[in-house]
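Novice: Next come a sequence and a model predicted from it.
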Amino acid sequence: MTDYVEEQRNELEAIESIYPDSFTVLSEDPTSFTITVASDAGENGETVEATLKFTYVAKYPDEPPLWEICSQENLEGGDLEDILTLLKQQAEENLGMVMIFTLVTAVQEKLNEIVDAMKNRQEEETLRKAKEAEEAEKVAFQGTVVTIENFLAWKVKFELEMAEFKRKKQKEEEQAGKPKLTGKQLFERDHNLDTSDIQFLEDGKECSIINISYYAILFVEGSLFSY
């Protein structure tokens with residue numbers, strides 16, 4: 001006949017010697033105690049922790065002990081459910097043998113897995129943010145694809161800016177005593193601009209425009225043109 005009381009007493013002494021700093025007896029009849037289980041620290045010092053409460057039943061270890069999670073740190077609801085499921089599975093596999101050490105060891109391994117999963121999620125989030133930043137940088141570098149319609153709208157604005165610039169420059173030259181240029185002379189100075197830009201677009205070449213104050217740079221199929 002199995003002496004359940006003796007088996008429970010012997011296991012309790014062994015558990016107390018294995019976990020001296022995290023083992024606490026709550027009552028002797030029925031025998032009830034807690035063991036605090038913590039994971040190993042992750043790379044950034046993160047840990048998770050659970051305090052397990054065990055209570056012997058009369059025919060333990062032929063029947064499983066009672067258990068519950070008294071407290072926890074940094075664990076989510078899903079984690080707690082996984083731990084309770086693990087305890088049930090391990091208890092069923094170890095019926096007939098004292099099992100508290102086995103149960104606690106299984107929980108500690110589970111806590112380590114949870115920390116590893118936290119680390120993987122953090123790494124994935126870091127990679128995601130880096131990828132988003134890289135994509136944003138590419139979009140900013142590529143600029144706006146130019147069509148004939150938006151290029152003509154830009155060209156009108158640019159020519160108005162150039163006309164205003166020339167007017168101010170001419171006024172400054174007049175005030176400085178330099179001879180005034182005729183309309184024909186002004187046209188002859190810049191008449192090549194009237195057809196060159198449209199020709200690039202009609203040839204079907206995609207380009208981007210960088211309009212900085214009073215000049216533009218056209219990137220056309222990898223070549224740099226400026227005026």
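Specialist: Cool, the structure landed.
Novice: The most centrally placed residue in the chain sits in which helix or strand?
Specialist: In the chain, the centroid-proximal residue (Cα atoms, centre = their mean) is E125; its distance is 1.8 Å. Using DSSP states H and E, E125 sits in helix 100-142.
Novice: Could you do F165 as well?
Specialist: Using DSSP H and E, F165 falls within helix 148-175.
Novice: Need the contact partners of stretch 112-123.
Specialist: Residues outside stretch 112-123 that contact it (Cβ atoms under 8 Å, 6 or more residues apart in numbering): 39-44, 46-48, 75, 79. Just so you know, the C-beta spots here come from the backbone N, C-alpha and C atoms, and that holds for glycine as well.
Novice: per-residue pLDDT, the closest residue to D40 other than its chain neighbours?
Specialist: Spatially, and ignoring its direct neighbours in sequence, D40 is nearest to N112 (5.6 Å; Cβ to Cβ, 6 or more residues apart in numbering). N112 is assigned a predicted lDDT (pLDDT) of 94.
Novice: For A41, see how far away N112 is.
Specialist: 10 Å (Cβ to Cβ, to the nearest Å).
Novice: Settle it for me: which of those two has more neighbours?
Specialist: N112 (16 against 10; other Cβ atoms under 10 Å).
Novice: Could you check how far the more buried one is from Q122?
Specialist: For N112, the distance to Q122 (Cβ to Cβ) stands at 16 Å.
Novice: do D40 as well
Specialist: Using Cβ to Cβ, D40 is found at 16 Å from Q122.
Novice: between those two, who's got more neighbours?
Specialist: Taking neighbours as other Cβ under 10 Å, D40 and Q122 compare with Q122 leading, 14 against 11.
Novice: what separates that one from T31, distance-wise?
Specialist: Relative to T31, and taking Cβ to Cβ, Q122 is found at 41 Å.
Novice: How about A130?
Specialist: Taking Cβ to Cβ, one finds A130 at 54 Å from T31.
Novice: between those two, who's got more neighbours?
Specialist: T31 (19 against 10).
Novice: That one is in contact with Q8, isn't it?
Specialist: Yes. Counting by Cβ atoms under 8 Å, T31 touches Q8, with 6.0 Å between them.
Novice: quick one: common contacting residues for the two?
Specialist: Y56.
Novice: For A136, give me the pLDDT.
Specialist: With respect to pLDDT, A136 scores 78.
Novice: do the same with T85
Specialist: T85 carries a pLDDT score of 96 in this model.
Novice: dump the residue contacts of it.
Specialist: T85 makes contact with no residue, according to Cβ under 8 Å, 6+ apart.
Novice: Next up, identify which helix or strand it is on.
Specialist: helix 77-93.
Novice: okay, that helix in PDB with CA atoms only?
Specialist: Extracted C-alpha coordinates of helix 77-93, given in PDB (Å, rounded to 0.1, in the frame of the first residue of the first chain):
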ATOM      1  CA  GLY A  77      -3.400  36.200 -21.200                       C
ATOM      2  CA  GLY A  78      -2.400  33.700 -24.000                       C
ATOM      3  CA  ASP A  79       0.800  32.900 -22.200                       C
ATOM      4  CA  LEU A  80      -1.000  32.100 -18.900                       C
ATOM      5  CA  GLU A  81      -3.400  29.700 -20.800                       C
ATOM      6  CA  ASP A  82      -0.500  28.000 -22.400                       C
ATOM      7  CA  ILE A  83       1.200  27.400 -19.000                       C
ATOM      8  CA  LEU A  84      -2.000  25.900 -17.500                       C
ATOM      9  CA  THR A  85      -2.300  23.600 -20.500                       C
ATOM     10  CA  LEU A  86       1.300  22.600 -20.200                       C
ATOM     11  CA  LEU A  87       0.900  21.800 -16.500                       C
ATOM     12  CA  LYS A  88      -2.100  19.600 -17.200                       C
ATOM     13  CA  GLN A  89      -0.300  17.700 -19.900                       C
ATOM     14  CA  GLN A  90       2.800  17.100 -17.800                       C
ATOM     15  CA  ALA A  91       0.800  16.000 -14.800                       C
ATOM     16  CA  GLU A  92      -1.100  13.400 -16.900                       C
ATOM     17  CA  GLU A  93       2.200  12.100 -18.300                       C
END
